[in-house]
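> sequence first, then the predicted structure, then my questions.
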Amino acid sequence: AELYAEGRADDAATEALKGVFDATRAALVSDQMDFQPLLPDDDTAIAARAEALGHWCQGFLYGLGSRPLPGPEQMSREAGEVVRDLTAITQVTADSEASDESNEEAWSELTEFVRVAAQLLFDEFERWRALPELGESDDTPLH
């Protein structure tokens, strides 16, 4: 309903989104810290990767805001800082005056921060969310 004006995706899009949801959920609940944000690979220009990272953070924060979550007084200090940091990362750009090596190092640090931040927030908000079991019913979040 959040993604489509009519409130429902076609069957192919629903299956694709369900696959992404299932894979993301499995990675986040895994003991292996398998979660990786879907971002362009290292062959993509650093400016485009930075823009994609900013958009990823915007989407992540939009997703957080579309669910009932605790107020700042119920959230840990660390979680509040992470949300503020992710908000700042929405404005990230590559530094055109920095060396490629410097930009790549910054990219690695930011993407690792975002990966860990998403995991931390997933864990932090566990008690406030109800992740439905996705099945064949019409009450899945993608319908």
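Good, I have the coordinates.

> quick check, pLDDT for the residue lying farthest from the centre of the chain.
Largest separation from the mean C-alpha position in the chain: E97, at 28.6 Å (Cα atoms, centre = their mean). Listed pLDDT for E97 reads 91.

> check which helix or strand it maps to.
Taking DSSP states H and E as the criterion, no element holds E97; it sits outside all helices and strands.

> okay, which residue is most central for this protein?
Within the chain, and using Cα atoms, centre = their mean, the residue nearest to the centre is F60, at 3.9 Å.

> determine the next helix or strand in the C-terminal direction from the helix or strand containing that one.
In this structure, F60 is located in helix 46-65 according to DSSP H and E. Heading C-terminal from helix 46-65, the first helix or strand you meet, by DSSP H and E, is helix 77-89.

> what angle do the helix or strand following that following helix and helix 46-65 make?
Under the assignment DSSP H and E, the closest C-terminal helix or strand after helix 77-89 is helix 100-124. Counting by axes from the mean of the first three to the mean of the last three Cα atoms, to 10 degrees, helix 100-124 points 10 degrees away from the direction of helix 46-65.

> pull out the buried residues from stretch 9-18.
Residues A9, L17, K18 are the ones in stretch 9-18 that count as buried (16 or more other Cβ atoms under 10 Å). For the C-beta atoms, the positions are set from N, CA and C on the backbone; glycine is no exception.

> any weak-confidence spans in this protein?
Within the chain, the set of residues satisfying pLDDT under 70 comprises 1-3, 69-72, 129-143.
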